[in-house]
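Engineer: can't give you the sequence, but here's the structure:
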């Protein structure tokens, strides 16, 4: 249905390369295990799209049946970590459903420590952003869990803190997995609030205390918008692209054989920079019908495969005063997987005021940069930037590299706004330093309280709130106050 005739498919996939010209629809294989070089990337991308379209249509079929025979029921389905582990377009899928549900597992299986708190908040904001609205946690971690092996045991206070973190990030319903642990079956090692017996546990009493402490705050902010002046944009087409063409060993990241989540980690790293500075940040599908003008800063990593309409929307956003932080390898591949003839960053050359002709993939090696007096670190990929109209913001400083002294980050005035172009994959603390300068310029309030301290601002019906969370297993100073391990503090602010 998409291509109508084979000649159109052959042309758009670029099948003339290697002479793979199909003359019958039955000749087209599934892109499974392959003994030689990989399949045509255009074919793989379309296969991922096909898988997504089939699942979305199946969900719609089910939803239509439920709505017909069970009227006035709100319908959802629960997603699971990591956000881009599947190739499904979840934004498209949830157009059919009433609200988003998420399985919130900050740790699972044989992990010896939880995921860093910015990554957990990034996944929660991803869930909130799919409909740009409050969401449900359909499975909230409540005890040490795994299918075959077990690992990390949360210390006292941590499961209550994870509940708080979910609510603060926009969850308006939370269901724990699970209340009583199953005595049989594949999930008998998934410990819940109660163990295999009926005796009340320390987890039960911890969550009871936490819920009592959160009740008034949670009721007041329920269904209220999560305010933000900063947004991170993500794109399912590029998440698919980086699964089968990851560019660098540093972007592969396969924690289990069926999961390639390098795109997820890169986005979470970008998110961490604003999260650690305690700036409320949305995570939004780039194709969503959202008014970007309400954001002072938009961040867009790994936007290699572009959509012309999105590029024009970004151009208008910047021309009218917005700040765009753009990642490496942007704007160089169309939706048919053809590379543009222009140098990197392709469609963004004029906006970014920079061109790239030399680059290298450095895997998990680290390279040193300098931004004024501040040292930064990059990894995965390095572009040597050649400014046309942009100003140099940071340079490579690594003596091991022949491009020491060459630009790594630039900033370009474009209309009333600016484009920051980041030519490498910065580590989280380097993003903190970069965003610190950008937020200061954008007049966005920020505050670094320590790498384990997370703070959010919420608006309620009766009051506004400042919520501070200590994700450390040690007591921490926050200003002139001490916070116990895994403690949280909710302060009322004037409306």
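Structural biologist: Good, I have the coordinates. Remember, predicted model here, so these are calculated numbers, not experimental data.
Engineer: buried set for the longest helix seen in the chain?
Structural biologist: In the chain, assigned by DSSP state H, the helix with the most residues is helix 41-69. Buried residues in helix 41-69, counting neighbours by 16 or more other CB atoms under 10 Å, are found at 41-49, 52, 55-56, 59, 63. Bear in mind the C-beta positions are built from the backbone N, C-alpha and C, glycine included.
Engineer: one more: stretch 287-307?
Structural biologist: Buried residues in stretch 287-307, defined by neighbour count with 16+ other CB under 10 Å: 287, 290, 292, 295-307.
Engineer: same check, this time on stretch 95-103
Structural biologist: Going by 16+ other CB under 10 Å, stretch 95-103 has these buried residues: 96-97, 99-103.
Engineer: what about those, which are in helices?
Structural biologist: Using DSSP H, no member of the buried residues of stretch 95-103 sits in helices.
Engineer: farthest pair within those?
Structural biologist: Across the buried residues of stretch 95-103, no pair lies farther apart than 96 and 103, at 19.6 Å, counting by CB to CB.
Engineer: and the longest strand along the chain, how far out from the chain's middle?
Structural biologist: As assigned by DSSP state E, the longest strand anywhere in the chain is strand 354-371. Mean C-alpha position of strand 354-371 versus that of the full chain (CA atoms, centre = their mean, to the nearest Å) differs by 22 Å.
Engineer: excluding chain neighbours, what is closest to residue 368?
Structural biologist: Among residues not flanking residue 368 along the chain, residue 398 sits closest, at 4.1 Å (CB to CB, 6 or more residues apart in numbering).
Engineer: burial measure for the one you found, as a count.
Structural biologist: Residue 398 sits with 20 neighbouring residues when counted by other CB atoms under 10 Å.
Engineer: so it makes contact with residue 362?
Structural biologist: No: counting by CB atoms under 8 Å, residue 398 stays clear of residue 362, with 9.9 Å between them.
Engineer: coming back round to it: among the buried residues of stretch 287-307, which ones are in strands?
Structural biologist: Secondary structure from DSSP E places 297-300 of these in strands.
Engineer: make JSON lines out of these and add distance to residue 187 and pLDDT.
Structural biologist: Listed next are those as JSON lines, based on distance: CB to CB, whole Å; pLDDT from 0 to 100:
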{"residue": "297", "distance to residue 187": "42", "pLDDT": "98"}
{"residue": "298", "distance to residue 187": "41", "pLDDT": "98"}
{"residue": "299", "distance to residue 187": "38", "pLDDT": "98"}
{"residue": "300", "distance to residue 187": "39", "pLDDT": "98"}
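Engineer: for the residues you listed, give me CSV that also has distance to residue 460.
Structural biologist: Formatted as CSV, these follow (distance: CB to CB, whole Å):
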residue, distance to residue 460
297, 25
298, 27
299, 27
300, 31
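Engineer: closest one of those residues to residue 430?
Structural biologist: Taking CB to CB as the measure, residue 430 lies nearest residue 299 of these, at 13.9 Å.
Engineer: strands along the stretch 351-495 of the chain, start to end?
Structural biologist: Along the stretch 351-495 of the chain, the segments classed as strands by DSSP state E, counting those that start in this stretch run 354-371, 374-387, 391-396, 407-414, 417-422, 424-426, 453-459, 464-470, 476-478, 481-483, 488-493.
Engineer: so which of those strands gets nearest residue 131?
Structural biologist: With CB to CB as the criterion, residue 131 lies closest to strand 453-459 of the strands of the stretch 351-495 of the chain, at 18.1 Å.
Engineer: partners of the closest one, with directions?
Structural biologist: Sheet pairing for strand 453-459, assigned by DSSP bridges, gives strand 464-470 (antiparallel).
Engineer: next, the buried residues of the partner strand.
Structural biologist: If you call a residue buried by 16+ other CB under 10 Å, then strand 464-470 has these buried ones: 464-465, 467-470.
Engineer: TSV for these, including distance to residue 358 and pLDDT?
Structural biologist: Formatted as TSV, these follow (distance: CB to CB, whole Å; pLDDT from 0 to 100):
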residue	distance to residue 358	pLDDT
464	50	97
465	49	98
467	46	98
468	45	98
469	43	98
470	45	98
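Engineer: can you pick out the most distant pair from the residues you listed?
Structural biologist: The distance between the two most remote of the buried residues of strand 464-470 (CB to CB) is 21.3 Å, for 464 and 470.
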